[in-house]
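> The amino acid sequence is not available; the structure is as follows:
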């Protein structure tokens, strides 16, 4: 007892080593799956970007940097910038709508909380395309919204709502709002109510208690929600095509069109790789900010 | 880490090269003789065709007639099926339906089998003109299945006038802004602009294409949408007043709203043909030829004209059509002579990429 420290005991060392290897059987299947179906395809994508296109798709094995040069044309930079802008707008709108919603749900009684959460995810029970087509029926010039407004005498001529960038934003917001609400709800619901009570007891008014206690502690959840919305919103191509009428295209459409219409695999791969890089950067940024916020919270 | 990646890259390269060599080596196999006495019941057939473009029980019908076990799969666009056919040496598809210019391109790449006319006696039912189509003269690689043209499909009650020019679509009157759609697929995006400017639908002249592209970009903000598949329902619902449409698809609108009309603008349009081809890689060529022959039977093609509402190049089938149908669907009554005033779309080889780039750039302009 006095001569040996715990670290020196062989048995303990062995068990440590075992503990070091212990996660392997648990990690391996998932990791192998991800490597085979994620890392390798991304590697192939990177490989494709340096070759010329074949006439019917595929590659011609002549090295070229043309695909990366083409990316810098204002036409394509414009589409990328437009997509980032659209995804940002949708993310901010989702945060503005989703935060109060998640906050309110977290404050409900357990029974109503369940009902509210089911209501949030209910749209996912219906097919994505069906929901998108429903928006077309609602928003078109002869659609329900215009009919209602005309019937109420609010407008004389139908307002063109469908096939506009605004309609794309509405469609994306509708599609991804639940992805904002759920992580926000999870982080708000975990908050220890005694923290807020302590703030109130120490004289903070409800707004101040929210601002200094609840809001900072829910930031990681909000950031997760933002990434969950931003990432799919930026790469969606179905909504711009159906609700946007194919007139406003986003980078997802561009990628799809390169493979299926233009049969330009190398340029499609270049666009897809760029999209992947942007989205990975967003996620890295999110986790860095989130870690900082959490650690900052602990120090305080 | 770099090792497996490099190996993979090589594997990818090898697969690509395989596909390429498959294309070129196939040329050599073109002349193999088919056995007219082959036992078809020992062969199986996989046919790829556009969805909703054939009798639902076609596979069962053909199987009953010939004993060939037949599977029908669907593709959505020419691009889609060409991608499948060129992705590997053997796509597993025996018969592919593609538009004429694609049959030409695939034929030139050596991917299609030369048709054995001894096994396709029903070719005699075709109009003589249907054997002289520019993309495949003499029907070496393809037999036509349906044909037609492209024009303006419109609601006279919404337009208030009868359009006569592609410019009615490209530079619409103020009251039609936001009430028109255009096709955005393949060669049909550029076609109206090329025709309005007096150029060929097969032009490869850079200046002419640039002019057409500028016109299309100018037209873009006046459109309700680009629509290749549901334009006729936009007319029926009243969202659109006038759409660029294939004549056969305009009929789907007319079926729901008989006031809808179709016109080929004065500047002319294209003559497109959807064709049937047999893959060189097919192991069941006798059955494949028998399938083409079966389709060219007047009864089957009458069914196509009556139910799909597309004109068929089959004289016997067209003559058997119910006159009442021609009255309801005037596009079915477009004569062969009228059709041949239009320009046949042909494949342009490497220059096809100019059209691909034009489409990409017009569609990417926000």
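Cool, the structure landed. No experiment lies behind these values; they were computed from the predicted model shown. Numbering: from 1, shown residues only, chains lettered A, B, ... in the order given.
> hey, where'd the strands end up in chain B?
Using DSSP state E, the strands of chain B run over B:44-50, B:69-75, B:95-99, B:142-154, B:180-182, B:225-226, B:242-246, B:261-263, B:270-278, B:343-344.
> what would those look like in a markdown table with distance to residue A:143 and mean pLDDT?
For every residue, glycine as well, the C-beta is placed using N, CA and C. What follows is the strands of chain B, written out as a markdown table (distance: least, Cβ to Cβ, whole Å; pLDDT from 0 to 100):
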| stretch | distance to residue A:143 | mean pLDDT |
| --- | --- | --- |
| strand B:44-50 | 29 | 94 |
| strand B:69-75 | 30 | 94 |
| strand B:95-99 | 34 | 96 |
| strand B:142-154 | 21 | 96 |
| strand B:180-182 | 17 | 96 |
| strand B:225-226 | 14 | 92 |
| strand B:242-246 | 18 | 96 |
| strand B:261-263 | 25 | 95 |
| strand B:270-278 | 33 | 96 |
| strand B:343-344 | 39 | 96 |
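> Just give me the neighbour total for whichever residue of chain A sits closest to chain B.
Closest residue of chain A to chain B, Cβ to the nearest Cβ: residue A:245 (2.7 Å). Using other Cβ atoms under 10 Å in any protein chain shown, residue A:245 has 22 neighbouring residues.
> Next, it: secondary structure please.
Under DSSP: H, G, I helix; E, B strand; the rest coil, residue A:245 falls in the coil class.
> Those residues of chain A touching chain B, which are they?
Applying Cβ under 8 Å from any Cβ of the partner chain, one finds that chain A approaches chain B through A:40, A:43-44, A:47, A:54-59, A:61, A:75-76, A:78-79, A:82, A:140-142, A:160, A:162-163, A:245-249, A:253-254, A:257-264.
> Name the residues of the strand or helix carrying residue A:183 that are buried.
Assigned by DSSP states H and E, residue A:183 belongs to helix A:165-190. Neighbour counts over helix A:165-190 (16 or more other Cβ atoms under 10 Å in any protein chain shown) mark A:165, A:167-189 as buried.
> Now do residue B:84, the pLDDT please.
Residue B:84 carries a pLDDT value of 87.
> list the contacts for residue A:132?
With contact taken as Cβ atoms under 8 Å, 6 or more residues apart in numbering or on different chains, residue A:132 is in contact with A:171, A:175, A:238-239, A:242-243.
> measure the closest residue to residue B:120 other than its chain neighbours to chain A for me?
Using Cβ to Cβ, 6 or more residues apart in numbering or on different chains and skipping the chain neighbours, the partner closest in space to residue B:120 is residue B:293 (4.5 Å). Distance, residue B:293 to chain A, by Cβ to the nearest Cβ, to the nearest Å: 28 Å.
> Tell me if I'm right that residue B:293 and residue B:116 touch.
No - between residue B:293 and residue B:116 there is no contact under Cβ atoms under 8 Å: 10.0 Å.
> before we move on, back to that, as CSV, the strands of chain B with distance to residue A:230 and mean neighbour count would be great.
Output for the strands of chain B, formatted as CSV (distance: least, Cβ to Cβ, whole Å; neighbours: other Cβ atoms under 10 Å in any protein chain shown):
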stretch, distance to residue A:230, mean neighbour count
strand B:44-50, 37, 20
strand B:69-75, 34, 17
strand B:95-99, 40, 26
strand B:142-154, 40, 26
strand B:180-182, 31, 27
strand B:225-226, 26, 24
strand B:242-246, 36, 27
strand B:261-263, 45, 21
strand B:270-278, 42, 25
strand B:343-344, 48, 20
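> got any ranges where the chain has weak pLDDT?
Since you didn't name a chain, this refers to chain A. Within chain A, the stretches with pLDDT under 70 are A:1-19, A:296-300.
> meant chain B, my bad for not saying
Scanning chain B for pLDDT under 70 picks out the ranges B:1-33.
> number of nearby residues for the nearest residue to residue B:35 once chain neighbours are set aside?
In this structure, residue B:35 finds its nearest non-sequential neighbour in residue B:286, 6.3 Å apart by Cβ to Cβ, 6+ apart. By the criterion of other Cβ under 10 Å, residue B:286 has 22 neighbours.
> Residue A:84 too?
Neighbour count for residue A:84, taken as other Cβ under 10 Å: 16.
> Next up, the contacts around it.
A:234, A:278.
> please redo it, this time with the cut-off set to 6 Å
Going by Cβ atoms under 6 Å, 6 or more residues apart in numbering or on different chains, residue A:84 touches no other residue.
> ok, it to residue A:206 distance?
36 Å (Cβ to Cβ, to the nearest Å).
> repeat for residue B:157
Remark: distance between residue B:157 and residue A:206 (Cβ to Cβ) = 60 Å.
> same deal with residue B:309?
67 Å.
> now do residue B:142
Distance, residue B:142 to residue A:206, by Cβ to Cβ: 76 Å.
> what does residue B:152 give?
Going from residue B:152 to residue A:206 by Cβ to Cβ gives 64 Å.
> Can you tell me the centre-most residue of chain B?
In chain B, the C-alpha nearest the mean C-alpha coordinate belongs to residue B:99, at 3.2 Å (Cα atoms, centre = their mean).
> typed the wrong thing, it's chain A
Most central in chain A (Cα atoms, centre = their mean) works out to residue A:228, at 2.5 Å.
> thought that one was touching residue A:181?
No - the criterion here is Cβ atoms under 6 Å, and residue A:228 misses it with residue A:181 at 9.9 Å.
> Which residue would be the closest one in chain B to chain A?
For chain B, Cβ to the nearest Cβ, closest residue to chain A: residue B:225, 2.7 Å.
> In contact with that residue, which residues?
Residue B:225 makes contact with A:163, A:245-246, B:181, according to Cβ under 6 Å, 6+ apart.
> Contact distance from chain A - what residues of the stretch 251-366 of chain B qualify?
Residues of the stretch 251-366 of chain B lying close to chain A by Cβ under 6 Å from any Cβ of the partner chain are B:356, B:360, B:363-364, B:366.
> what would the residues you listed look like in TSV with distance to residue B:195 and neighbour count?
Formatted as TSV, these follow (distance: Cβ to Cβ, whole Å; neighbours: other Cβ atoms under 10 Å in any protein chain shown):
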residue	distance to residue B:195	neighbour count
B:356	19	20
B:360	21	20
B:363	20	22
B:364	23	18
B:366	26	16
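> Looking at those residues, which are in helices?
In this view, those that belong to helices under DSSP state H are B:356, B:360, B:363-364.
> Closest to residue A:151 out of those residues?
Nearest to residue A:151 among those: residue B:363, at 36.7 Å, using Cβ to Cβ.
> Tell me where the longest helix sits in chain A.
The longest helix of chain A (DSSP H) is helix A:265-299.
> Give the other helices and strands that it contacts.
Packed against helix A:265-299 by the contact rule (3 or more Cβ pairs under 6 Å, 6 or more residues apart in numbering or on different chains; DSSP states H and E) you find helix A:40-48, helix A:66-71, helix A:215-235, helix A:251-260.
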